[in-house]
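K.L.:
fold the stuff below for me.
(2 chains)
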Amino acid sequence: MTRPYLLLLAALSAAPLGAQPALSTPRDSALHVLNRLAYGATPGLVERIAEEGVLRWIDRQLAVTAADDPGLRGVLARFDLLRTSQDELARSYFEVQRERRADRRAAVSDSAMNTMSPEERERRMPPEARALRGLLGQAPQLVMVRAVSSEQQLAEVMADFWTNHFNIFIGKNVTRVYLPSYIEETIRPRIFGRFEDLLVATAKSPAMMVYLDNAQSIMPGARPEQARRAGRRRVMMVLEERRPTGLNENYARELMELHTLGVDGGYTQKDVTEVARVLTGWSVARPAQGSGFVFNGWAHDRGAKTVLGAEFPSGHGQDEGVRLLGMLAENPATAHYIGAKLCARFVNDTPPDGCVDNAVGAWKRSGGDLREVLRAIFRSPDFWAPANRAAKVKSPLEFVVSAVRVVGGAPDTTPRLAGAVGRLGQPLYQHVAPNGYPELEKDWVNSGALLNRMNFAMQLAANRLPGVTVDLDRVLPATADRTALLDAVDRLVLGGKMTPRTRSAIADQIAQITDPVQARAFALGLAIGGPEFQRQ
Amino acid sequence: MTLSRRVFVRAGSLGLVSFGLDPLFLSRAAYAITRPAALPPNRRTLVCLFQRGAVDGLSMIVPHGEEQYYRERPRIAIPRGSVVDLDGHFGLHPRLAPLKPFWDAGSLAVVPAVGSPDGTRSHFDAQDYMESGTPGVKSTTDGWANRYCQNAREHTDTPFRAVAFGPQLPRIMAGTAPALAIDDLRSFGVGGRAGNSDRLSRAFESLYEGSATGLLATSAEESFEAIRMLKSANPSARGAEHGAVYPRGRLGDSLQQIAQLIKAGLGLEIAFADMGGWDTHVNQGNEQGQLSLRLTELGQALGAFATDLGEGMRDVCVLTMSEFGRTIRENGTGGTDHGHGTAMLVLGGTVAGKQVAGRWPGLAAEARYEGRDVAVTTDFRDLFGEILTRHLGARDLSAVFPGYSAGRSVGVIRS
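P.N.:
Numbers count the residues shown, from 1 in each chain, chains lettered A, B, ... in the order given. Below you'll find the model as predicted:
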């Protein structure tokens, strides 16, 4: 393709349907930042931000220190999970496991369990197990409540970004028990801090250590000094397995490939093994000791190691791992890999070079201060470029949350709204692989998925979506005046940017509907399930 | 008018008003121009089953004739007494026993040392390479199953030519040729079983026709065409035949629905399903335990599928694949770590069955990959390519597996 043609294409794609080229009003800018730094608009929010000043709003979002919106405290108080310690959860979990083993021995064989219907299994579940399951089931819905209702939108977006970057899978053994503290204590307090602190915190988190097996990676042949029977049995319970006897490279590999350097970050299989040796002994304490991080000196490989050419002299125990993580956090490959990933999230699926340079520059100047890296991205010309507006397709989470926000809905405390995100292809905390959910349009847009989004939109617009309360009469009063209805839907859902084609398509569809309530449901559902609302 | 023709016409008029012209969209449109007029859909179907997480090939196809196998795996080897023997040297894991009748009937072949020429032990890279079909090359944007559909143009696309079961389209089917991701055939559509579903469907169709751009437009188009075809063929009404009983769970559901699509004659040429839970670092188990539960589901689902289709298996080939195998020696936690070569199964009417295909390198220390893993003696592209050529009738694989010239004949498909 010749260059002039490319330029022509660029010009065409920047100018929607006869609009003046790239004249950005404060409302347009407000809509853009709400689409990227937030989970979309709520009724009236575009206007309020335009009035406050978009840059001021961004600064306010960046100034958050602890992701804890005071306005949400009342709602969050209804989540028992937030009042239950990791230790309590772990004790309860192991108690349930013990009962289940006893139960299995008594009557039900594996295969019988497998052929049972979910209802039968539910019925057979002992009360404590059911209570625990209910408690842990609150975790995905907490995500929904915060993402929909928090004023600290950027904090919620970043909590999602880092949780996904340091992905764990709750289906793996005891990981689900460690999830709440992973979210509340490991990730959320550090989203605007230094990357190294976040990295070290995840490395020490029981959730990550169990998910990627470091908890059981030990120097081959090592044994606990005090092999008291009772103590050993409890350790084994924590790990849900026989006593570990060797090295496990799983975390070491993903630490470099996915958490820091990136797959082309210049490490070798030998480095992976050496990193695993450095991190031997990093494990999880048993429930009686708080189920937190523990360094087991007995499991640590005391030999000398070399990682990425750097010598790790023997005998420095836990400090070796801390030094290693610092080294990885400071590696330029890490700044570039994560800078590009942030630009892909906030700017364009194909991160523009200029934006990545800005992010990397800020990373270097600030020593990996994540707040400053974000600030640099939001100040980057690429972030504001017309070509990058509405250039990204929403992930299922972004779609569901933005749809609920746009109609001023409020999720309840049941897992039902989180379930809707799962049905659209992004079940929270259930991405098995450590790479987390993908970010790109091509990963989310396919025919089946689009139909699911349309169905979701119709349910929401008819106020039949389980798990959400919507006061449609408040945000979009039913009216027999079709022009007024279309204007209101446009303003509410698309920030007043509905294309004439969409408008006439929706108008055609509601022309034959006489009941104003039905017409409203149809128009609203089409707008939310339609193509323009899939973009951000 | 065919689907793609309509997509193209629309693409032509939309180009000028779209917000974002992305390259994938443009190439889809270009693809539509050059597509030949309607031909009858191909009768043959390939079903790909991805075992995500790297299955332990040595537990699936057990080299029970090898002492070394038992020496390396004191806790997790499958005892000789319970292996389902195939040829005196190899045998099936006991939980794969439902497949033995197909071996005996000559429609099951096993390839015990197949894999990628790339040595990565990263799940994501290795899965990516196996799905993109370009080991070692990260920049490939589409999957090999999609490139097959792009290039084998002697067959007509129906929306069901390439179908992946699951909420997301997997890498293997990503690309410019239309491909469909279906979570569940029974609820595929807009409005579910509600009375107004036809009207809703029409409403959304006109909306996307008018305003969608890029991938959103083409995907929507594919959806609505598919809805119309499903409505008239109604494949879900077809129950399992010949006494086949699918196991509960996603894999059984997917395979049953693949069988329904095949029976309904909707032009399904490549189907894809996947199954997780194979990354057995810890407590893998032997004939009992974690891995055996996954194999139970696999064996039952495959057995039910072949039984259900019966004579229909004549035109069907099922291929299992996994990104790599696992270490020959069991690890310190009763499991196995990431390895290299693994085993794949090929089942169907065109299969030259009852054979262990490809060279078996053995488990001796000097025969291993990097001293620890099963060596790869069959490049996965040799196996996949042979199936595309001999089973589906592909004429030219140069675009499907770029940079790769077909190597040895694996001989799993009758020529």
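
K.L.:
using the three-state scheme, assign the residue of chain A found nearest chain B.
P.N.:
Going by C-beta to the nearest C-beta, chain B is nearest to residue A:246 of chain A, at 2.3 Å. Heads up, the C-betas are built off the backbone N, CA and C, glycines and all. Following DSSP: H, G, I helix; E, B strand; the rest coil, the label given to residue A:246 is coil.

K.L.:
now the closest residue to it other than its chain neighbours: how far from residue A:280?
P.N.:
In space, not counting the residues next to it along the chain, residue A:246 is nearest to residue B:332; the distance is 2.3 Å by C-beta to C-beta, 6 or more residues apart in numbering or on different chains. Counting by C-beta to C-beta, to the nearest Å, the gap from residue B:332 to residue A:280 is 11 Å.

K.L.:
who has more neighbours out of the two?
P.N.:
Neighbours were counted for residue B:332 and for residue A:280 using other C-beta atoms under 10 Å in any protein chain shown; residue A:280 has more, 26 against 21.

K.L.:
in this structure that one contacts residue A:302, no?
P.N.:
No. The pair residue A:280 / residue A:302 is not scored as a contact, 9.2 Å apart, by C-beta atoms under 8 Å.

K.L.:
which secondary structure element contains the residue of chain B found nearest chain A?
P.N.:
Chain B approaches chain A most closely through residue B:332 (2.3 Å), counting by C-beta to the nearest C-beta. Secondary structure assignment for residue B:332, by DSSP states H and E: no helix or strand.

K.L.:
re the thing from before, any residues in contact with both of residue A:280 and residue A:302?
P.N.:
Taking C-beta atoms under 8 Å, 6 or more residues apart in numbering or on different chains as the criterion, residue A:280 and residue A:302 both touch residue A:219.

K.L.:
so what's the closest residue to residue A:45 other than its chain neighbours up against?
P.N.:
Nearest non-adjacent residue to residue A:45, counting by C-beta to C-beta, 6+ apart: residue A:34, 6.5 Å away. For residue A:34, the contacting residues are A:40-41, A:45-46, A:49, A:153, by C-beta under 8 Å, 6+ apart.

K.L.:
so residue A:34 belongs to a strand, correct?
P.N.:
No. Residue A:34: not assigned to a strand; according to three-state DSSP it is helix.

K.L.:
can you map out the helices along the stretch 51-200 of chain B?
P.N.:
Assigned by DSSP state H, counting those that start in this stretch, the stretch 51-200 of chain B shows helices spanning B:57-60, B:67-72, B:100-104, B:123-132, B:144-151, B:197-211.

K.L.:
tell me which of those helices sits most buried.
P.N.:
Greatest average neighbour count among these goes to helix B:57-60 (a mean of 28), per mean count of other C-beta atoms under 10 Å in any protein chain shown.

K.L.:
about what we covered before: shouldn't the residue of chain A closest to chain B be in contact with residue A:222?
P.N.:
No. The pair residue A:246 / residue A:222 is not scored as a contact, 9.1 Å apart, by C-beta under 8 Å.

K.L.:
got a pLDDT number for residue A:188?
P.N.:
In this model, residue A:188 is scored at 96, pLDDT.

K.L.:
where does the residue lying closest to it once chain neighbours are set aside land in three-state SS?
P.N.:
Using C-beta to C-beta, 6+ apart and skipping residues adjacent in sequence, the residue nearest residue A:188 is residue A:67, 4.9 Å away. Recorded secondary structure, residue A:67: coil (three-state DSSP).

K.L.:
if I look at residue A:67, how far off is residue A:334?
P.N.:
Noted for residue A:67: a distance of 23 Å to residue A:334, by C-beta to C-beta.

K.L.:
so these two - more neighbours on which side?
P.N.:
Higher neighbour count among residue A:67 and residue A:334: residue A:334, with 24 against 20, using other C-beta under 10 Å.
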